[in-house]
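Novice: coords please:
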Amino acid sequence: MKNDFQPAVGHEFTFRSNPVPSLDFDGIVYCKVLEVELFKKLSYSWKLGPGDGSINVDSVVRWKLQPKDKGTELLLDHGDFAILKNIGIFDAMNVGWLKNMQKIAENLNA
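Specialist: Predicted coordinates:
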């Protein structure tokens, strides 16, 4: 998704995609960088809603790199849901994360 991410704790940024009104999603994910540990960890808040100023998903995304014998393991955790008012958007995010992880794997194997 288009974004204005910068790896600096406290930086607020957005991811932008197509709105999905049926899931009460205006196409904008509001984020704030919570943790950056170069080459090890990245975490940021992940909030979205229907575009009326209300939030129907409030969560945290964590990426972690761990050295392994023959390379590096990538761990992704999207959790700590303080608000989850729409299970449909949760299902859509699960599908999206899986697709993105598959794309990462394909690029690494290319």
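
Novice: who's in contact with Asp77?
Specialist: 61-62, 64 (C-beta atoms under 8 Å, 6 or more residues apart in numbering). Backbone N, C-alpha and C define where each C-beta goes, glycine included.

Novice: helix/strand/coil for Phe81?
Specialist: Secondary structure of Phe81, reduced to three states by DSSP: H, G, I helix; E, B strand; the rest coil: strand.

Novice: Now do it, the pLDDT please.
Specialist: On the pLDDT scale, Phe81 is placed at 92.

Novice: Pull the contacting residues for the residue found closest to it once you drop the neighbours it is linked to in the chain.
Specialist: Residue nearest to Phe81 in three dimensions, not counting chain neighbours: Ser59, with 4.7 Å by C-beta to C-beta, 6 or more residues apart in numbering. Taking C-beta under 8 Å, 6+ apart as the criterion, Ser59 is in contact with 45-47, 78-84.

Novice: Quick check: Ser59 vs Asn107, distance?
Specialist: Spatial separation of Ser59 from Asn107 under the definition C-beta to C-beta, to the nearest Å is 26 Å.

Novice: re earlier: just the buried residues out of the contacts of Asp77, in ChimeraX syntax.
Specialist: Buried members of these, defined by 16 or more other C-beta atoms under 10 Å, are picked up in ChimeraX with:
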select :61,62
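
Novice: where does the protein dip in pLDDT?
Specialist: Low-confidence segments of the chain, defined by pLDDT under 70, are absent; every residue clears the threshold.

Novice: 90 instead?
Specialist: For the chain, applying pLDDT under 90 flags the ranges 1, 70-71, 83-94, 96-97, 100, 104-105, 108-110.

Novice: which residue sits farthest out from the middle of it?
Specialist: Going by C-alpha atoms, centre = their mean, the residue of the chain most distant from its centre is Asp69, 27.8 Å out.

Novice: in the protein, which spans are helices?
Specialist: In order along the chain, the chain carries the following helices (DSSP state H): 87-109.

Novice: where along it do the strands fall?
Specialist: With DSSP state E applied, the chain shows strands at 2-3, 12-16, 28-37, 41-48, 57-68, 71-84, listed in chain order.
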